[in-house]
Structures are given as structure tokens and as C-alpha cells.
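Visitor: Provided below are the primary sequence and the corresponding predicted coordinates.
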Amino acid sequence: MILMNKVFYQVRSFILLLRSVRQEKVCRRRVFKPWTPPPVGWLKANIDGAFQAAMKQGGIGVLLRDSDGHVVGGICMKVDTVASLDTVEALAGRAACELAAEFNLSPVVLESHCLKLVKPCSSSVEDESTFGQVVADIKDEISSMPCSFFSHIFRKTIYAANKLAKLALSLGFSFRWFGSVSTELEGLVASLCNP
């Protein structure tokens, strides 16, 4: 049943992506696609990173939601001494996988707008760079999460994760949670999820 859900979700995602490419060719601009929940029994992790090149610092934002759209976990974390935005995006992916693995959450659809992250996470090609080493960590983590996979989406769709990443970068916030959002964070998370 889980395998059928994964196949259905991947086919649905491919069809939506194909439609968006056709629309983009016709009107030369992307069409905003609102966030959609994962199938029942699945979770969806929206992943994003923010980067400040001059300071070599990054911010990670991860928002984990269930099939009803309820926030069930997340990460807002500052990263020091990082070389590129791609590496920050990969660190966000690894953090999402670690959170899911820590609480035995699967299956999970891990969504990112960073195609440079999504493609290698779905292939067997190895890369010895720092970015490649983080991707190898992701592949190792995701192998213990049955049926979980990465999916490419538009940046606007992961608005809340993007805001968490920028918040971590600008204010130096670092927190993570699973389950109920703490009272201190409840207003912040609600405002991010309902722009």
C-alpha cells in the first residue's frame, strides 16, 4: 500500500511538473502552485536555506506537516562557516532527514526548490565535494526511511520554510521541535504557515 502511495504521489508530482513546464513555455513565467498536503499516512517536509556570502553564514528552515496540513515539527537553525547556498540547502535536507529519522517518521516527501539538491538525492552519482558529502549523508539517512523521497517544487510553495531559514540567518535563532509547537513558538509558526 505504501509503495502504491509513493508511485501515485510521484506520478502526480511528475504530471503537475509537466503541466507547469508547458504553462511556462506558453506564458514564460511560473505559475504559483499552493502547498498541497501529502497522502494520508505520509508527512511532508518543506526545506529551504538562506545564505549570506560575505559572512559565510546560513540559515536552515524545515517545516514538517501531516496530511491534514497540521505542523508536526520543524527546524530553524543558524549555520556558521558555510561556503555556498547549495551547501546550506543540502544541510537543510540533511537536518530534515535527521529529524524524521530521530522520531521514526516515514514515509516523508522532502520538498525543496533547489534542483541541485533534489537531483543528486535521487541518483547514485557520488560527489567528493562538501556538498556531495552532505548529499551522501542524506542518502544514508533516507535509506532508513521506507518509501521517503525528494521532490522538486517552486520556492513560493515553501514560503514558511524560507521564512524560518531567513529568521535563523538574521536573528541567529536555533530551535527544533516535534509534536506540539511550544507556546512561545505557536504564534510565530502560525504566522509563517498562514501568510
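Guide: Here it is on my side, so go on.

Visitor: got a pLDDT number for the residue nearest in space to the middle of the chain?
Guide: By Cα atoms, centre = their mean, the chain has its centre lying nearest to I47, at 2.1 Å. Listed pLDDT for I47 reads 96.

Visitor: Now do the helices in this protein.
Guide: 2-27, 85-102, 115-121, 130-142, 159-171, 183-193 (DSSP state H).

Visitor: what about the residue lying closest to S144 once chain neighbours are set aside, distance to I153?
Guide: Closest residue in space to S144, ignoring its immediate chain neighbours: A101 at 5.9 Å, by Cβ to Cβ, 6 or more residues apart in numbering. Quick note: C-beta positions are derived from backbone N, CA and C, even for glycine. Computed with Cβ to Cβ, to the nearest Å, the distance linking A101 and I153 is 22 Å.

Visitor: just F131 next, same as before
Guide: For F131 relative to I153 (Cβ to Cβ), the value is 20 Å.

Visitor: number of nearby residues for the nearest residue to Q57 once chain neighbours are set aside?
Guide: In this structure, Q57 finds its nearest non-sequential neighbour in D80, 5.6 Å apart by Cβ to Cβ, 6+ apart. Using other Cβ atoms under 10 Å, D80 has 9 other residues around it.

Visitor: and if you look at G73?
Guide: By other Cβ under 10 Å, 23 other residues sit near G73.

Visitor: Would you mind writing the CA trace of stretch 55-71 as CSV?
Guide: C-alpha atoms of stretch 55-71 as CSV (Å, rounded to 0.1, in the frame of the first residue of the first chain):
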residue,chain,number,x,y,z
MET,A,55,29.6,36.4,6.4
LYS,A,56,29.8,32.8,5.2
GLN,A,57,26.7,32.0,7.3
GLY,A,58,23.5,30.2,6.5
GLY,A,59,20.0,29.6,7.9
ILE,A,60,18.1,26.4,7.7
GLY,A,61,14.3,26.2,7.6
VAL,A,62,12.3,22.9,7.8
LEU,A,63,8.6,22.6,8.3
LEU,A,64,7.1,19.2,8.7
ARG,A,65,3.3,18.8,8.1
ASP,A,66,0.8,15.9,8.1
SER,A,67,-1.9,15.0,5.5
ASP,A,68,-4.3,17.4,7.2
GLY,A,69,-1.8,20.3,6.9
HIS,A,70,-1.0,20.4,10.6
VAL,A,71,2.5,21.4,11.6
